Structure formats: structure tokens, C-alpha cells
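Novice: Sequence first, then the predicted structure:
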Amino acid sequence: MGIGIAILNLSLAGCITPDAVSKFCGSAVAILTSSHAVFNDMKLSCLREVNSREEFATFKPPIEDDANCAAIGTQAAGAAAAAEMLSDYFSAINSLASFGSAKAGTDAQNLVTKTGAAVGANSAAQTALGSIAQFLVSAATSGYQQKSLEKDLTKVSGNINAVVNALITIVKDDYIGRQLGSEEQKLSVRYREFAKVHSTKEALSPEAKLMLDDRWHADEAALEAKRASATCLITALHALAKGFEDLARDAHQLKSKEVPGLLEPYVTQLQALVPQVQKAF
């Protein structure tokens with residue numbers, strides 16, 4: 001039995017179950033929307049690193065265009081597009097569970113053309129996104145009913161983990177591990193070089209040392225806050241995938257009154273994590 005049959009049965013079983021599914025899907029959409037702030041900061045982090053190479057007090061306008069940063073921005077835009085497609089998918093399921101029909105957005109094909117830059121053109125995640133896009137386009141053009149969604153939801157539900165895992169890899173390896181790590185390293189070098197240059201010319205006054213130390217700690221705290229928010233996003237994406245997996249696996253054998261108990265821990269966790277993901281941005 002697939003997720004389509006499961007949600008069909010749950011939707012018809014009573015008002016409690018559709019509400020539980022709706023809350024879970026709404027929480028998933030909120031997390032996926034919040035993820036855009038993390039992905040958008042990938043290019044901004046690159047530009048901050050480029051600008052950190054300038055000496056203090058040069059009074060030059062910050063650089064806003066860099067070839068390497070542009071490439072990172074393209075990858076980030078692809079990740080945001082993948083998150084948006086998942087968001088549209090959960091919105092469609094929410095509509096199905098709550099109202100018995102699904103009307104999704106019509107931008108799926110445009111989004112899927114961007115996602116390959118993030119997850120890889122021939123990857124399992126890109127194949128999964130293509131399948132999700134087909135469902136969303138069909139839902140938008142046909143106005144699917146519950147009975148029509150059985151086959152498509154069963155097919156598409158297995159793709160959620162592939163996309164979520166790809167997004168987690170981007171956040172963990174590319175943003176936290178590579179981009180923020182590189183930015184932090186370059187920032188540290190900048191402060192050390194500034195202090196070294198002045199130590200060879202003239203001693204920094206105690207006040208200047210304190211100001212420099214305060215500035216360094218403020219910049220370091222901002223980076224750590226971004227790292228913490230991104231880590232919360234990883235936790236949230238894991239919870240989203242696990243909650244959906246549990247629903248797909250167990251919903252058809254649960255009574256209607258048992259489904260809220262299945263989903264509520266995930267809803268609570270996701271709702272608590274949304275402001276934590278947004279906090280640093």
C-alpha cells in the first residue's frame with residue numbers, strides 16, 4: 001500500500017486525521033521555506049570572504065560580483081529550487097488530505113531546470129525531482145482528485161529521501177564545511193595580518209587592541225550563529241524525511257485516532273526548529 005492509498009483512507013476516516021496530516025505538511029512547508037535563507041547565504045558568504053581580502057581602512061565599496069561566487073550562487077539557487085519543489089509537493093498533499101483535491105503551482109518545470117546545478121544532472125535526487133515535477137504539473141493542469149492520486153503519490157513518495165539527503169549534503173559539506181569554514185579562516189588571517197603589520201610599525205594602543213578583539217569576536221559570533229542555524233536545518237530535514245517515511249509506512253495500518261500520535265512529535269520538532277533556522281539571518 002502506498003502513501004496515496006494511505007492518505008486517501010485517512011482523509012475519509014474523520015476530521016482528526018486530515019488535521020494531523022495538514023499540520024505535518026504545513027510544518028514541512030515552513031522548514032523548506034526557511035531553508036532559502038541558508039542557501040542564499042552561500043553566495044553571500046563567498047562575497048564576504050572575497051571582501052575580507054581587502055585591508056582595513058581602504059574605504060573601497062564592497063565587491064558584489066565575483067566569478068567563483070556566481071558559480072556558488074547558481075548551486076545555491078538550484079538547492080533553493082529543490083526545496084521549493086518539495087514545499088509545493090507537501091502543499092499538494094496538504095490540500096489532498098484537507099479538501100480531497102490538489103491544486104499545485106505551475107512552476108515545477110522551471111524549477112527542475114535549476115536543480116541539477118545543486119544535486120547533479122544525472123543524480124538520483126535529480127531523477128526524483130523530475131518525478132515530483134511531473135506530479136506537480138499534472139496536479140496543476142488536471143485538478144487531481146483523491147482517487148486519481150493513488151498511483152502518482154505512491155510513485156513520488158519514494159523520492160523524498162533522495163532529495164532531502166541531497167539538500168543535507170549541500171548544507172553540511174558545501175555551506176558549513178566548505179564555505180563558512182573558508183570564510184572563517186580568511187577572516188582570522190585578516191585580523192592576524194592587521195595586528196602583525198601594526199606590531200612592526202608601532203604598537204597598538206590598549207584601546208585599539210580591545211576594539212580589534214571585540215570586532216573579531218563579533219564576526220566570529222556571527223559565523224557561529226549561521227553555523228548553528230544551518231545545523232538546525234539539517235536536523236529539521238532529517239525529521240521531515242523520517243516523519244514522511246513513518247506516515248507512508250504505517251498510516252494504512254493505523255486507526256484514524258492514532259495518526260496524530262504518529263505525526264505530532266515531528267510537527268512539534270519542526271515548528272520549534274523554524275525560528276532556530278531563521279535566527280542567524
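Specialist: Structure's in. What do you need?
Novice: in what helix or strand does the nearest residue to Y89 once chain neighbours are set aside lie?
Specialist: Nearest non-adjacent residue to Y89, counting by C-beta to C-beta, 6 or more residues apart in numbering: I132, 5.4 Å away. For glycine as for every other residue, the C-beta is placed from the backbone atoms N, C-alpha and C. Element membership for I132 (DSSP states H and E) is helix 124-142.
Novice: about what we covered before: for the residue nearest to Y89, list the residues it contacts.
Specialist: Contacts here follow C-beta atoms under 8 Å, 6 or more residues apart in numbering; on that basis I132 touches M85, L86, Y89, A108, V156, N159, V163.
Novice: Please identify which of these is nearest to L32.
Specialist: Nearest to L32 among the contacts of I132, counting by C-beta to C-beta, is L86 at 5.4 Å.
Novice: Out of the contacts of I132, show me where the pLDDT dips lowest.
Specialist: Among the contacts of I132, V156 has the lowest pLDDT, at 64.
Novice: re the thing from before, reformat the contacts of I132 as a markdown table; add secondary structure.
Specialist: Converted to a markdown table, the contacts of I132 look like this (DSSP: H, G, I helix; E, B strand; the rest coil):
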| residue | secondary structure |
| --- | --- |
| M85 | helix |
| L86 | helix |
| Y89 | helix |
| A108 | helix |
| V156 | helix |
| N159 | coil |
| V163 | helix |
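Novice: Top of the residues you listed by number of neighbours, please.
Specialist: Y89 (30 neighbours; other C-beta atoms under 10 Å).
Novice: Could you double-check that that one sits in contact with F135?
Specialist: Yes: here Y89 reaches F135: they are 7.2 Å apart, a contact under C-beta atoms under 8 Å.
Novice: where in the stretch 151-281 of the chain is pLDDT low?
Specialist: 151-157, 197-203, 250-254 (pLDDT under 70).
Novice: quick one, helices of it?
Specialist: For the stretch 151-281 of the chain, applying DSSP state H, counting those that start in this stretch gives helices covering 160-169, 181-201, 206-250, 259-278.
Novice: Now render these as CSV, adding distance to Q75.
Specialist: Below are those laid out as CSV (distance: least, C-beta to C-beta, whole Å):
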stretch, distance to Q75
helix 160-169, 11
helix 181-201, 15
helix 206-250, 15
helix 259-278, 19
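Novice: so of those helices, which one's packed in deepest?
Specialist: helix 160-169 (a mean of 20; mean count of other C-beta atoms under 10 Å).
Novice: Identify the residues contacting that helix?
Specialist: Taking contacts as C-beta under 8 Å, 6+ apart, the residues outside helix 160-169 that touch it are 35, 79, 82-83, 85-86, 89, 118-120, 123-125, 127-129, 132, 234, 237-238, 240-241, 244-245.
Novice: Kindly list the main-chain dihedrals of S123?
Specialist: Main-chain dihedrals, S123, degrees, to the nearest 10: phi -80, psi 170.
Novice: Quick check: closest non-adjacent residue to it.
Specialist: Using C-beta to C-beta, 6+ apart, the nearest residue to S123 is A166, at 6.9 Å.
Novice: I'd like to know how far that neighbour sits from I160.
Specialist: Distance of A166 to I160, given as C-beta to C-beta, to the nearest Å: 11 Å.
Novice: swap in Q179?
Specialist: Q179 is 26 Å from I160, where distance means C-beta to C-beta.
Novice: and if you look at L187?
Specialist: Per C-beta to C-beta, L187 is found 37 Å from I160.
Novice: just Q278 next, same as before
Specialist: Distance, Q278 to I160, by C-beta to C-beta: 23 Å.
Novice: what do you get for T235?
Specialist: Distance from T235 to I160, by C-beta to C-beta: 17 Å.
Novice: Also A230?
Specialist: Using C-beta to C-beta, one gets 21 Å for the distance from A230 to I160.
Novice: now swap in Q75 and tell me
Specialist: To I160, Q75 is 21 Å away according to C-beta to C-beta.
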